[in-house]
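**Student:** sequence and predicted structure, then a few things I'm wondering about:
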Amino acid sequence: RGSDQEFGEATVTRQPDGRKFPGRYYSTRTDNKQYRFTQLWVSNDIFEGLGTTKSLRLRAGPIDVTVAIPASGKAKAAFRACEDGLLQSWGIRPAAFREGRGPEPTRNVADFFRARDYPREALTSRFVGHVRAALVIGPDGVVKDCRVVTRIGPAFDKITCDQARKVPFSPGLDERGAPTQSLFHINVRWALGS
C-alpha cells in the first residue's frame, strides 16, 4: 500500500512497562515490489530498560506490529559491548559518553544542508532518501570525523559528511565537566526542492 517511499512519525512501546519512545521512520518498496523495507529511528534510551522487556510494539505509518524479545537481557549486554567497542575505536571513552553531556550545535544544522547541495549525479533520478551519520566532535567543538551509518548512495554519503564537517559545536563534557571528544548523530533527508 502507499507510494514507493514513505516518511513519518513512529512510536515504539516497550512492554510490560508501557513506556513510549517517539521516533521517525522511512519505508520503501523492495525491488520486486512485493515487500517493504522499513527503517526506524528512536532514542538509545530504549535500551536502558531492555533487560526486563518482553516485547516491543512498533507503529510506523501503516505498520503496527508487536515483536517478542525473550532474550532481551542478553541482547542489551551484546549491544552495550558492541557500542563500547565502537566508541573506543573512535577515541571516545564510553563512561564519558554515558555520564557526560553531549555536544550541541551552535548554529541550526539544517542551515548547512540546502537543495542546491543535492548531488548533481543524482539529479536525473530525483531520488529521495535519508542519510544518518555519526559525527565525532573534538574537545574544541570541531567535527573530527563523519561516519555514515545509513547509506543511500556514495554521492549522498559524501555531501552529507562534507556539509556536516562545517557545523560548529560546543563540545561535549565528560563526567567531571571537562570538554571531551564526543558523538553527535545527524539525520539528513535529501529531496529536490526541500
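**Tutor:** Noted; the coordinates are in hand.

**Student:** drop to CA atoms for contacts and neighbour counts, all remaining ones
**Tutor:** Will do.

**Student:** by mean pLDDT, which helix or strand of this structure comes out lowest?
**Tutor:** strand 36-42 (a mean of 79; mean pLDDT, DSSP states H and E).

**Student:** any idea which helix is longest in this protein?
**Tutor:** The helix that spans the most residues within the chain, counting by DSSP state H, is helix 72-89.

**Student:** that one: what's the following helix or strand?
**Tutor:** Next in sequence after helix 72-89, counting helices and strands by DSSP states H and E, comes helix 94-99.

**Student:** what packs against that next one?
**Tutor:** helix 72-89 (3 or more C-alpha pairs under 8 Å, 6 or more residues apart in numbering; DSSP states H and E).

**Student:** nearest residue to Y25 in space, please, no chain neighbours.
**Tutor:** Excluding its sequence neighbours, the residue lying closest to Y25 (C-alpha to C-alpha, 6 or more residues apart in numbering) is L40, at 4.5 Å.

**Student:** equivalent analysis for Y35, please.
**Tutor:** Counting by C-alpha to C-alpha, 6+ apart, Y35 lies nearest to R29, which is 5.9 Å off, once chain neighbours are set aside.

**Student:** and the residue nearest the centre of the protein?
**Tutor:** Nearest to the geometric centre of the chain sits R132, at 5.2 Å (C-alpha atoms, centre = their mean).

**Student:** helix, strand, or coil at it?
**Tutor:** strand (DSSP: H, G, I helix; E, B strand; the rest coil).

**Student:** which one is it nearest to, not counting chain neighbours?
**Tutor:** If the residues on either side of it in the chain are set aside, R132 comes closest to N187, at 4.3 Å by C-alpha to C-alpha, 6+ apart.

**Student:** swap in E9?
**Tutor:** Closest residue to E9 apart from its sequence neighbours, by C-alpha to C-alpha, 6+ apart: R24 at 4.5 Å.

**Student:** any idea how far that neighbour is from E48?
**Tutor:** Separation of R24 from E48 (C-alpha to C-alpha, to the nearest Å): 20 Å.

**Student:** now G172
**Tutor:** 21 Å.

**Student:** quick one: the strands in the protein?
**Tutor:** For the chain, applying DSSP state E gives strands covering 5-15, 20-29, 36-42, 55-60, 63-68, 104-105, 129-137, 143-150, 169-170, 172-173, 179-180, 182-190.

**Student:** which of these sits closest to P119?
**Tutor:** Closest to P119 of the strands of the chain is strand 182-190 (C-alpha to C-alpha; 9.3 Å).

**Student:** for the closest one, packing partners?
**Tutor:** strand 129-137, strand 172-173.

**Student:** I appreciate the help and will end here.
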